[in-house]
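Trainee: Provided below are the primary sequence and the corresponding predicted coordinates.
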Amino acid sequence: MIRRLSDLWDASPLGFWLVAAACLYFLAMAVRLTVIDVRSHLLPNRIVFPSYAVAGALLLAAAVVGFFGGTDGTSRLGVALFGVPGLRVLAGGAALWLFYFVLRVIHPPGMGFGDVKLAGVLGLYLGYLGWNHVMAATFAAFLLGGLWSLAILAARRGTLRSAIPFGPFMLAGAALAMAVLPA
């Protein structure tokens, strides 16, 4: 995400500010949802649903501005899918939502529907950056959640049936992928 921001600053200052605002919103949303999920094992709709609109609007606008709006008129920052600017943002959101929905259908006690809804929002952010980010963030979420579960089991603070809040690991995996992987 940092490299994408520097590319946007050079190509389109407006696109830079749109993505910067989306990143700040992500940070605020991630902190609020992590605290709530750890305390109550819930990801409230009053935070997740508006996040679709905010992230979608900011990232789609940044994709369109980045695609069309360079100062030289030739900026093509790679946020398009099949030549449509912003389609990868929407496809990332839909793909990640669908993946988590299938997991929820296969094993309902293992995945809450709040996690499914959050996955769509994270998919918007990760789709903006690319499919590698979507895959890496998903892998990181399950890796971090699995390591935490092993630590709980090793410390004898839980059993195999213990519920853990998965939202914080989804958010951490997304943040890790956005910060570490090049755009």
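Mentor: Everything's here; your move.
Trainee: looking at this protein, which residue lies furthest from center?
Mentor: For the chain, the C-alpha farthest from the mean C-alpha position belongs to R156; by Cα atoms, centre = their mean, that distance is 31.7 Å.
Trainee: helix or strand: which one has that residue?
Mentor: Using DSSP states H and E, R156 maps to neither a helix nor a strand.
Trainee: can you show me the helices along the protein?
Mentor: 2-11, 13-40, 45-68, 87-106, 113-129, 131-154, 167-180 (DSSP state H).
Trainee: in TSV, list those helices along with mean neighbour count, distance to L160 and mean pLDDT.
Mentor: No exception for glycine: its C-beta is placed from N, CA and C like everyone else's. Listed next are these as TSV, based on neighbours: other Cβ atoms under 10 Å; distance: least, Cβ to Cβ, whole Å; pLDDT from 0 to 100:
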stretch	mean neighbour count	distance to L160	mean pLDDT
helix 2-11	16	39	70
helix 13-40	17	20	95
helix 45-68	19	28	92
helix 87-106	19	18	96
helix 113-129	26	19	96
helix 131-154	16	7	96
helix 167-180	21	17	96
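Trainee: who's in contact with the residue lying closest to L143 once chain neighbours are set aside?
Mentor: Among residues not flanking L143 along the chain, G173 sits closest, at 7.6 Å (Cβ to Cβ, 6 or more residues apart in numbering). Counting by Cβ atoms under 8 Å, 6 or more residues apart in numbering, G173 makes contact with 136-144.
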